[in-house]
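Undergrad: Got a sequence here, can you build the structure:
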Amino acid sequence: MNNQQPIELDEELERSTNRWMRTGIVFLFMLALAFPLFRLYEPAQRAEAREAHLSFLADHGSDLFEVNCSSCHGARGIGGIAPAVAALEFLQSADDEAIFQLISVGVVGTDMVAYSSDQGGPMTHSQIEAITTYLRSLEEDATSNAMWRTPLADEALTGRDLYTMARTRPGRYRGRRPFIGWEVRCRRGLRQPPRQAYP
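TA: Prediction:
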């Protein structure tokens, strides 16, 4: 004989279980609807975040360039005693990796020394990346300069152009204006020495 008692169903437990199952199904259905919306929304968010990051890097790079590079490459990279790194020709011929490497390891046989701390220079990887990003941000409004490699050799430059190109940041010479005439005369083949370095 079978002595097992029939199992009595707990109706309250059954109702509760059914409620949770219905809630779970509704939740899964909502997730299924939300996922395509997320896929449409998320790339735009990522693009905005990337733009904000590049803008931050470019602003930081601008400050670093002004302090470390403008004395040779001119204000905003328009050229000086060193090449015009904001010229359209340079920016179109050098990709970001090339610019990063030029700053990091320098250019042998020139005054462009290595700036990477890995090469004994003063800058970190992120600082060099910031300057690279800043230079790339100049490309959209860059102007053509056929003499970008030797900008001071351009005979058409005015005195104002020469000052703008070769000036250094304020305070670099203890508040005095830097003397640029001697460098310009040397570049143009005139070798007479200046009488006064700081007028």
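
Undergrad: from here on, contacts and neighbour counts on C-alpha atoms
TA: Will do.

Undergrad: you'd agree Ala58 is up against Ala130?
TA: Yes. Judged on CA atoms under 8 Å, Ala58 makes contact with Ala130 at a distance of 5.9 Å.

Undergrad: okay, stretch 110-120 in PDB with CA atoms only?
TA: The C-alpha trace of stretch 110-120 is given here as PDB (Å, rounded to 0.1, in the frame of the first residue of the first chain):
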ATOM      1  CA  THR A 110      69.600  70.100 -35.300                       C
ATOM      2  CA  ASP A 111      68.800  72.100 -32.100                       C
ATOM      3  CA  MET A 112      65.700  70.000 -31.700                       C
ATOM      4  CA  VAL A 113      66.700  67.900 -28.700                       C
ATOM      5  CA  ALA A 114      64.800  64.900 -27.200                       C
ATOM      6  CA  TYR A 115      62.000  66.000 -24.900                       C
ATOM      7  CA  SER A 116      60.900  62.500 -23.700                       C
ATOM      8  CA  SER A 117      61.800  61.600 -20.200                       C
ATOM      9  CA  ASP A 118      62.700  58.200 -21.600                       C
ATOM     10  CA  GLN A 119      65.400  60.000 -23.600                       C
ATOM     11  CA  GLY A 120      66.600  62.200 -20.700                       C
END
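
Undergrad: now do the same end-to-end measure for stretch 77-88.
TA: The straight-line separation of the ends of stretch 77-88 (CA to CA, to the nearest Å) is 11 Å.

Undergrad: So what touches it?
TA: 70-74, 76, 90-91, 135, 138-139, 142-145, 148-152, 162, 165-167, 183 (CA atoms under 8 Å, 6 or more residues apart in numbering).

Undergrad: my read: Gln119 touches Ile103, true?
TA: No. Checked against CA under 8 Å, the pair Gln119 and Ile103 is beyond contact range at 10.6 Å.

Undergrad: Might you list the low-confidence residue ranges for the chain?
TA: 1-9, 164-199 (pLDDT under 70).

Undergrad: Determine the longest helix present in it.
TA: Longest helix in the chain, counting residues (DSSP state H): helix 11-68.

Undergrad: Which elements pack onto it?
TA: helix 125-137 (3 or more CA pairs under 8 Å, 6 or more residues apart in numbering; DSSP states H and E).

Undergrad: hmm, back to that, in terms of neighbours, single out the busier of Gln119 and Ile103.
TA: Neighbours per residue, other CA atoms under 10 Å: of Gln119 and Ile103, the larger number sits with Ile103, 21 against 13.
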